[in-house]
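**Student:** Sequence and predicted structure, then a few things I'm wondering about:
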Amino acid sequence: MTSIVRHPQNFWIGIIFIFFGLAAVYFGLEHEMGTAGRMGPSYFPSVLGGLLALVGLANLIRSFIGHGESIGKFHVKNIVIILSAVLLFGVLMRNAGLAAAVFVLVMLSSYASPKFRLPGALLLATGLSLFAIVIFVKLLGLPMPVIGPWLSMD
Amino acid sequence: MEIFANLGLGLETAFTLTNLFYCLVGVFVGTAVGVLPGLGPIATIAMLLPATFGLPPISALIMLSGIYYGAQYGGSTTAILVNLPGESSSVVTALDGYQMARQGNAGKALATAALSSFFAGTVATVLLALFAPPLAELALKFGPAEYFSLMVLGLVASVVLASGSLLNAIGMVLLGLLLGLVGTDVNSGAQRYTFELPELADGINFVIVAMGMFGIGEIIRNLEHDEDRSLLMKKVKGLMLTKDDFKRIIAPVFRGTVLGSALGILPGGGAMLASFAAYSVEKKVSPNSKNFGKGAIEGVAAPEAANNAGAQTSFIPMLTLGIPSNPVMALMIGAMIIQGIQPGPAVMTEQPALFWGLIVSMWFGNLFLVVLNLPMIGLWVKMIMVPYHRLYPAILMFCAIGVFSLNNNEFDVYLMALFGLFGYICAKLGAEPAPMLLGYIIGPMMEEYLRRALLLSQSDPTVFVTRPISAVMLGLAVLALAIVMLPSLRKKREEAFHEED
């Protein structure tokens, strides 16, 4: 951003609020508004959305006055690793089963730490997979496949 | 005396082998949560919620509340031994507690913390028993207008007391309110903001929001400064307090308890505010004030009493009015709803055993905590040393399995990842996620009461100011907002929150 924005945190949170506020109003339009006495499904969310957009606008204006901290660095690598570990868990859970899903989740997410060492991570991943099977499937009886269709022999 | 009959009923409920067991599990897990780095009570309660679905409601609530107040105890252990508060409410305990530990008085500091907390917890439990019934009675007179105004007051208070920018907190509350409306509108059957996804028809489960923002988002944030905790000493000795020590802490503990109990009831207040306020007050009135920050035992006693008292009394608005005063109470309300209990004043009359059982269990929990924290301190010392890079993959695993098990559906897992990203971005932009979770729980209730109030008044909006109780609450809300916006106070507020970082 250029130097007109003196408070980048306020600027971006303002944009986010305006976006969600206007989206709430826009997507609320597909339903009936109603009146204050007989509110339709879109009455309350539209009011909230409008207020949110106003708060966002105030933040935006504020970001041009005074000065503020700059936004801390986004650690993109960590975000990508942690989020893909979680997403992969979702994919693997149904198809490959709990054991594989936990193993991959732990291995991949461990990699985000600067202290990652392969032997330690392998041990942790194996241990937590066994722990999850014993606690969640055997003891708590949650209906989850331990081994999913991708990994079963037949 | 009705209160004794009630407490008797509570004792009957709480003093069963099953419920004592879940109470013990709750405070044990809670202490662990307080001790372990980077794991807060909000994420933990959210993670463990799915595991409690199969339990009887009372056992589930006893365990979950044990986690909450147990975390206050564990947080003080790390504050004293490693100068790293495990919980935000233990920040001020670290100031004098760690100094005491450095002077070789770690045992004394830990004992002070545990005994102060136990005393405060006992008093707050009695207060809870005394004040809940009249409040619930008052609440039964509430109409929809009063409820709506009360929620406005609660949300405003949470905004005022949130750290950081006021505007951001307001925005996060509004965003939370909106998110809470996703799903099928009960009045018309319209599908709002579902984008024709069947998974969103019932709304977004609050566990997903809580785990995403407070679990996943926190982990990504913590990874930026993954640090080692070096422990001051391996063996903690000298847990006994002398007669002189008792004399010195008795008044601070008493003041801390009173202050903490009062601040805990406030919406948006709770344990963190209580401990902070108690420390400042003690520093002003104590004859030993020049030693504060250099290992004053009073500086440990007062905030520890206050944060535990505040943790207990913050149950009052949740149990009597059905309104959460902080995100943990919001989760408790969610837990009750899942168990088929509609939180509010009717709980006390319709489920007296549950209500009083929960209150009495808190006293047992506090007793367990003294035992867990003094003789078993060695165990927690070992736990403090668990490095974060071993811990966070396990937290992620609990989050992922917990969310998947809600509906046996991977969609929820993807949604949690999305909230994790959003929580991280908000934190980077200086917007706290806590007000959003409060708004999220309150959103649907608020809309319902607004609708009903305006339907009954034939769309006359003055109903909110012509009914006295409602008018008083809205007045308080406006007053609270006006006060924080005063320039001089705003500066003070910023300083107060700054000191905590």
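**Tutor:** That came through fine.

**Student:** Got the phi and psi for residue B:182?
**Tutor:** Per-residue torsions, residue B:182: phi -60, psi 130 (degrees, to the nearest 10).

**Student:** got any ranges where the chain has weak pLDDT?
**Tutor:** Just going to use chain A. Low-confidence segments of chain A, defined by pLDDT under 70, are located at A:1-3, A:153-154.

**Student:** switch to chain B, that's the one I care about
**Tutor:** Along chain B, segments meeting pLDDT under 70 span B:1, B:86, B:226-235, B:267-270, B:487-501.

**Student:** State which helix of it is the longest.
**Tutor:** helix B:106-140 (DSSP state H).

**Student:** residue ranges for the helices of chain A, please.
**Tutor:** For chain A, the helices defined by DSSP H occupy A:8-28, A:43-62, A:76-96, A:98-110, A:118-132.

**Student:** Turn the ones you listed into a markdown table, including mean neighbour count.
**Tutor:** Just so you know, the C-beta spots here come from the backbone N, C-alpha and C atoms, and that holds for glycine as well. Output for those, formatted as a markdown table (neighbours: other C-beta atoms under 10 Å in any protein chain shown):
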| stretch | mean neighbour count |
| --- | --- |
| helix A:8-28 | 20 |
| helix A:43-62 | 21 |
| helix A:76-96 | 19 |
| helix A:98-110 | 24 |
| helix A:118-132 | 16 |
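
**Student:** Could you dump those helices into JSON lines with distance to residue B:204 added?
**Tutor:** Compiled in JSON lines, the helices of chain A are given as follows (distance: least, C-beta to C-beta, whole Å):
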{"stretch": "helix A:8-28", "distance to residue B:204": "14"}
{"stretch": "helix A:43-62", "distance to residue B:204": "14"}
{"stretch": "helix A:76-96", "distance to residue B:204": "16"}
{"stretch": "helix A:98-110", "distance to residue B:204": "22"}
{"stretch": "helix A:118-132", "distance to residue B:204": "25"}
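
**Student:** Out of those helices, flag the one nearest residue B:185.
**Tutor:** Ranking the helices of chain A by proximity to residue B:185 (C-beta to C-beta) places helix A:43-62 first, at 9.3 Å.

**Student:** Which residues are in contact with residue A:10?
**Tutor:** Residue A:10 makes contact with A:59, A:60, A:62, A:63, A:68, B:165, B:167, B:430 under the criterion C-beta atoms under 8 Å, 6 or more residues apart in numbering or on different chains.

**Student:** mind checking the backbone torsions on the last one?
**Tutor:** Right, the one you point to is residue B:430. phi 80, psi 20.

**Student:** And stretch B:294-304, how far out from the chain middle?
**Tutor:** Its chain's C-alpha centre and that of stretch B:294-304 lie 22 Å apart, by C-alpha atoms, centre = their mean, to the nearest Å.

**Student:** What is the helix or strand hosting residue B:5 packed up against?
**Tutor:** Using DSSP states H and E, the secondary-structure element containing residue B:5 is helix B:2-14. Counting contacts by 3 or more C-beta pairs under 8 Å, 6 or more residues apart in numbering or on different chains; DSSP states H and E, helix B:2-14 packs against helix B:17-35, helix B:106-140, helix B:352-373.

**Student:** Show me which residues of that helix are buried.
**Tutor:** Buried residues in helix B:2-14, counted by 16 or more other C-beta atoms under 10 Å in any protein chain shown: B:6, B:7, B:9, B:10, B:11, B:13, B:14.

**Student:** that older thread, buried residues in the longest helix of chain B, which are they?
**Tutor:** Going by neighbour count (16+ other C-beta under 10 Å), the buried part of helix B:106-140 is B:106-129, B:132-133, B:135-136, B:139.

**Student:** Give the next helix or strand downstream of that helix.
**Tutor:** Downstream of helix B:106-140, the next assigned helix or strand under DSSP H and E is helix B:144-161.

**Student:** quick one: the helix or strand just after that following helix to helix B:144-161, angle?
**Tutor:** Elements were assigned by DSSP H and E; along the chain past helix B:144-161, the next helix or strand is helix B:166-180. Angle of helix B:166-180 versus helix B:144-161, following axes from the mean of the first three to the mean of the last three C-alpha atoms, to 10 degrees, is 130 degrees.

**Student:** and whatever residue of the stretch 401-501 of chain B ends up closest to chain A, what does it touch?
**Tutor:** Closest contact between the stretch 401-501 of chain B and chain A, by C-beta to the nearest C-beta, is at residue B:459 (2.9 Å). For residue B:459, the contacting residues are A:35, A:36, A:37, A:38, by C-beta under 8 Å, 6+ apart.

**Student:** again, but for residue A:44
**Tutor:** Applying C-beta under 8 Å, 6+ apart to residue A:44 gives the contacts B:181, B:447, B:450, B:451.

**Student:** cool, and residue B:393?
**Tutor:** Taking C-beta under 8 Å, 6+ apart as the test, what residue B:393 contacts is A:105, A:106, A:109, A:110, A:124, A:125, A:128.

**Student:** where's it, which helix or strand?
**Tutor:** Here residue B:393 sits within helix B:388-407, counting by DSSP H and E.

**Student:** Any part of stretch B:191-207 near chain A?
**Tutor:** Yes. Using C-beta under 8 Å from any C-beta of the partner chain, stretch B:191-207 reaches chain A at B:192, B:193.

**Student:** Return the alpha-carbon coordinates of that stretch using CSV.
**Tutor:** Output of stretch B:191-207 as CSV, limited to C-alpha atoms (Å, rounded to 0.1, in the frame of the first residue of the first chain):
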residue,chain,number,x,y,z
GLN,B,191,-32.1,-20.9,4.0
ARG,B,192,-29.9,-18.0,4.8
TYR,B,193,-26.3,-17.7,3.6
THR,B,194,-26.1,-21.5,2.9
PHE,B,195,-25.2,-21.1,-0.7
GLU,B,196,-27.3,-24.2,-1.3
LEU,B,197,-24.8,-26.3,0.6
PRO,B,198,-26.7,-29.0,2.5
GLU,B,199,-24.0,-29.1,5.1
LEU,B,200,-24.8,-25.5,6.1
ALA,B,201,-28.6,-26.0,6.4
ASP,B,202,-28.4,-26.5,10.1
GLY,B,203,-25.9,-23.7,10.6
ILE,B,204,-22.3,-23.9,11.5
ASN,B,205,-21.6,-25.8,14.7
PHE,B,206,-20.0,-23.5,17.2
VAL,B,207,-17.4,-26.1,18.0
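
**Student:** Mind listing residues that contact that stretch?
**Tutor:** Contacts for stretch B:191-207 (C-beta under 8 Å, 6+ apart): A:24, A:27-28, A:31, A:41-42, A:45, B:46, B:49-50, B:178-185, B:330-331, B:334, B:402-403, B:406-407, B:409, B:411-412, B:415, B:437, B:440-441, B:444.

**Student:** Generate a PyMOL selection restricted to the buried subset of the residues you listed.
**Tutor:** What follows is the PyMOL syntax selecting those of the contacts of stretch B:191-207 that are buried according to 16+ other C-beta under 10 Å:
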select buried, (chain A and resi 24+27+28+31+41+42+45) or (chain B and resi 46+49+50+178+179+180+181+182+183+184+185+330+331+334+402+403+406+409+411+412+415+437+440+441+444)
